[in-house]
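A.B. asks: Below is the sequence, then the predicted model.
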Amino acid sequence: MSTTVEFPQSLILTPAQETQLRHLWSLVAAAQRSVTLHLHLRAAGHEFPLVEVVDAALGGRGGSLPALPGPDDRVTRPVHHVDELLSEFRRIRDARGWSTLVPAEAFEAVIRETCAAFRTLPPHPRFGDLPATWPVSQPLRLSLGSSVHLIDPLSIEVAPLRDHARVLADAYLLPAPFWAALQRDQEVQLDRIAGRLKRLDAAWLDSGDVDAAAQALQLRARYAGRGLHRRTPHTLLDGNLPRKCTRVLIREAVRPGLPTRFEVVWTFDVQGLALKPPRSGDTIGIDPGERHVYAWATVTDGGVVPRPFHGLWRIQTPTLDGDPPTCRGPHDFAFARAHQRWQLFQRLQPVYEGMLERCFSYRTVALEDTDFAGLHAKGRPFAAYAETVGLTAALQWIVQLAPLHDVEIRLVPPEYSSRTCSRCWLRSRRPRPGEPFVCATCGHAEDSDVNAARVHRGRALQR
Ligand SMILES: [Zn+2]
C-alpha cells in the first residue's frame with residue numbers, strides 16, 4: 001500500500017524571483033490555453049495543428065482560428081493521444097526557445113492534467129461543459145520536480161531562477177523522517193556529482209583533457225551553490241524512511257480570508273511506513289492554542305502543553321541607525337526573520353513530535369478545524385502566530401501522517417468550543433484568557449483549554 005503525503009512550506013521571494021516565476025508561469029499557462037483551445041477545436045470538428053493554435057494564441061491572432069460553437073451546442077469528445085500532443089508541443093517549445101527557460105516537467109504536468117480533464121467527458125458533451133482555458137488570473141502553480149533542491153533548513157534552489165536561484169523557504173518545517181529523506185536524496189546526488197568532478201579533474205590535470213575541464217566547469221557552475229564538498233551520505237536509513245520525494249510544486253496559495261503566499265509543496269509516496277498501530281481505541285480531543293501549544297482530552301484524562309518560550313513571538317524589525325548600510329537590505333531582514341522563525345520552531349519541535357506521538361496512540365483524533373481566516377478578520381493574530389512558530393505545519397503533519405498510523409482524523413467545527421460545558425453541553429460565559437472554564441449551569445470547572453479539547457472530542461463522537 002502506498003500513501004501520498006504532502007507538506008507545504010512558505011517561500012519568501014524577492015521581487016526579482018517573483019517576476020521570473022510569473023514569467024515562467026505565463027509560458028506554462030499559454031501552453032494550457034493552447035492545448036485546451038486545440039482540443040476545443042477538435043471537439044467542434046476542426047483539425048488544427050497545435051503549432052498553429054499556439055501561434056494564433058500568442059500572436060493575438062485568435063481571430064484567424066475557426067469560430068467556436070455556442071455553449072449549448074453538442075460537440076464530440078475530442079480523441080487525442082497525450083504522448084502525441086506532448087511530442088508536438090516539445091517541438092513548438094524548442095522552436096520558441098522555451099526549453100532553456102522552463103523545465104520540461106512544468107509543461108508536461110500541465111498538458112497531462114489538461115488532457116486528463118477531457119478524458120472524463122461523455123461522448124457528446126455540451127460545448128460549454130468542456131474544460132475551460134485558464135484565465136489570466138489563474139494562481140501560479142509550477143511542477144518543477146527535479147529542478148528544485150534543498151540547500152539547507154532555510155533555503156532551496158529553484159534552478160530555473162538562475163542568478164536568483166537561492167530562495168528563502170521555511171524548509172525545516174518537515175517531520176523528521178521526511179526531512180532526512182529529502183536530505184539523503186540531495187546528498188546522494190551531490191555525492192555522485194562530486195565523484196564525477198574528481199574523475200574530470202584528474203582527466204584534465206593528469207592527461208591534459210581540456211574537454212574534461214570544460215565539463216567540470218559546467219558542473220561547478222550548476223552545483224557549486226548547493227555545496228559540493230559534502231560528506232558521503234549519512235546512514236540514517238533504518239528501512240522506515242519514506243522513499244524519494246516524488247513531486248515538487250511551487251504555487252501561489254490563495255487562502256480565503258488570509259494573505260496569499262507562495263509555497264513549495266513536497267510530495268512523498270510512502271510505502272508501508274505504518275509504524276506502530278494505535279494503542280487505544282479511544283478518541284483524543286486536541287485544541288491548538290497560543291498560551292498552550294495544545295490541550296488534549298481523552299475519556300479518562302486531559303492536560304495542557306504550555307508554550308516552551310516566553311515573551312513575544314512576533315519579530316520586530318530593529319532600527320538600524322548607525323549600522324553599516326550593508327545590513328539594511330530588505331532581504332537581509334527576510335533572512336534574519338526566517339532564522340528567528342527557525343529558532344522558535346526548534347524550541348517547539350519536541351512538543352510537536354510529542355503531540356504526534358500522543359495523537360497516534362489513539363484510534364481517532366478530534367482536531368479543531370480552526371477558523372484561521374475568521375480569527376484573522378477579527379484582528380486576532382492566531383493565524384500569524386501559528387504560521388510563524390510552525391504550529392500550522394505541525395497540525396498538517398497530523399492530518400497527513402494519520403493514515404500511515406491507521407488513525408482517523410475528525411475535524412470538528414470550532415464554534416463556541418471555549419464557551420460550551422463539556423459535562424452538561426450548555427453554553428456559559430467565555431472564560432477570560434488564563435482563567436478556568438466554570439459552567440454557570442452545572443458548576444463544572446476545568447482548565448478552559450482542556451474543556452475545549454473535551455468539547456472537540458464530544459463533538460467528534462456525536463457524529
Ligand atoms: Zn455544565
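C.D. replies: Done, it's in.

A.B. asks: so what does the worst-scoring helix or strand of the chain on mean pLDDT touch, helix or strand wise?
C.D. replies: For the chain, using mean pLDDT, DSSP states H and E, the weakest element among its helices and strands is helix 50-58, scoring a mean of 85. In this structure, helix 50-58 makes packing contacts with helix 15-43, helix 82-95, judged by 3 or more CB pairs under 8 Å, 6 or more residues apart in numbering; DSSP states H and E. (Glycine included, C-beta is placed from N, CA and C.)

A.B. asks: Which stretch among these is buried most, on average?
C.D. replies: helix 15-43 (a mean of 19; mean count of other CB atoms under 10 Å).

A.B. asks: And it, how far out from the chain middle?
C.D. replies: Helix 15-43 sits 21 Å away from the centroid of its parent chain (CA atoms, centre = their mean, to the nearest Å).

A.B. asks: What of stretch 80-92?
C.D. replies: 29 Å.

A.B. asks: which residues are in contact with that stretch?
C.D. replies: 31, 35, 38-39, 42, 49-51, 54, 99, 104, 107-108, 111-112, 115, 118 (CB atoms under 8 Å, 6 or more residues apart in numbering).

A.B. asks: circling back: kindly calculate the angle that the least confident helix or strand of the chain makes with helix 82-95.
C.D. replies: For helix 50-58 against helix 82-95, the angle between stretch directions is 60 degrees (axes from the mean of the first three to the mean of the last three CA atoms, to 10 degrees).

A.B. asks: Tell me the buried residues in helix 50-58?
C.D. replies: Neighbour counts using 16 or more other CB atoms under 10 Å place 50, 51, 53, 54, 55, 56, 57 of helix 50-58 among the buried residues.

A.B. asks: ok, so what distance separates the second one from residue 34?
C.D. replies: The span separating residue 51 from residue 34 equals 9 Å under the rule CB to CB, to the nearest Å.

A.B. asks: try the fourth one
C.D. replies: When distances are taken as CB to CB, residue 54 and residue 34 turn out to be 4 Å apart.

A.B. asks: Ok, the third one next?
C.D. replies: The gap separating residue 53 from residue 34 is 5 Å, by CB to CB.

A.B. asks: what do you get for the last one?
C.D. replies: From residue 57 over to residue 34 the distance is 5 Å, taken as CB to CB.

A.B. asks: between the helices and strands packed on helix 50-58, which gets nearest to residue 250?
C.D. replies: Taking CB to CB as the criterion, residue 250 comes closest to helix 15-43 out of these, the separation being 6.8 Å.

A.B. asks: what about the closest one, average pLDDT?
C.D. replies: For helix 15-43, the per-residue pLDDT values average out at 94.

A.B. asks: Okay, and the beta partners of whichever residue of the stretch 201-350 of the chain sits closest to the ion?
C.D. replies: Residue of the stretch 201-350 of the chain nearest the ion, by CB to the ion: residue 297 (15.1 Å). According to DSSP bridges, the residues that bridge with residue 297 are residue 285, residue 302.

A.B. asks: Counting neighbours, what do you get for it?
C.D. replies: A count of neighbours around residue 297, defined by other CB atoms under 10 Å, yields 28.

A.B. asks: show me the contacts for it.
C.D. replies: By CB under 8 Å, 6+ apart, the contact list for residue 297 reads 284, 285, 287, 422, 450, 453, 454, 456, 457.

A.B. asks: So which of those residues belong to helices?
C.D. replies: 450, 453, 454, 456, 457 (DSSP state H).

A.B. asks: So which of these is the closest to residue 164?
C.D. replies: Each of these was checked against residue 164 using CB to CB; the closest is residue 456, at 44.2 Å.

A.B. asks: chain center to stretch 291-300, what's the gap?
C.D. replies: Taking CA atoms, centre = their mean, one finds stretch 291-300 lying 28 Å from the centre of the chain it belongs to.

A.B. asks: what's the spacing between the residue of the stretch 51-200 of the chain at minimum distance from the ion and residue 123?
C.D. replies: With distances taken as CB to the ion, the stretch 51-200 of the chain approaches the ion most closely at residue 175, which sits 38.0 Å away. Relative to residue 123, residue 175 is positioned 46 Å away (CB to CB).

A.B. asks: Of those two, give the one with the bigger neighbour count.
C.D. replies: The residue with the greater number of neighbours, taking residue 175 and residue 123 and applying other CB under 10 Å, is residue 175; the counts read 22 against 7.

A.B. asks: Count the residues that sit near the nearest residue to that one once chain neighbours are set aside.
C.D. replies: Once its chain neighbours are removed from consideration, residue 175 has its nearest residue in residue 397; the separation is 5.1 Å (CB to CB, 6 or more residues apart in numbering). The local packing count at residue 397 equals 22, with neighbours defined by other CB under 10 Å.

A.B. asks: what about residue 397, distance to residue 178?
C.D. replies: Using CB to CB, one obtains 9 Å as the distance from residue 397 to residue 178.

A.B. asks: which residues are common contacts for these two?
C.D. replies: In the contact map built from CB under 8 Å, 6+ apart, the residues linked to both residue 397 and residue 178 are residue 7.

A.B. asks: Could you pick out the residues of the chain near the ion for me?
C.D. replies: Counting by CB under 5 Å from the ion, the chain comes close to the ion at 421, 423, 424, 439, 441, 442, 444.

A.B. asks: need the strands for the stretch 201-350 of the chain, in chain order.
C.D. replies: For the stretch 201-350 of the chain, the strands identified by DSSP state E, counting those that start in this stretch occupy 245-253, 261-271, 280-288, 292-297, 302-306, in order along the chain.
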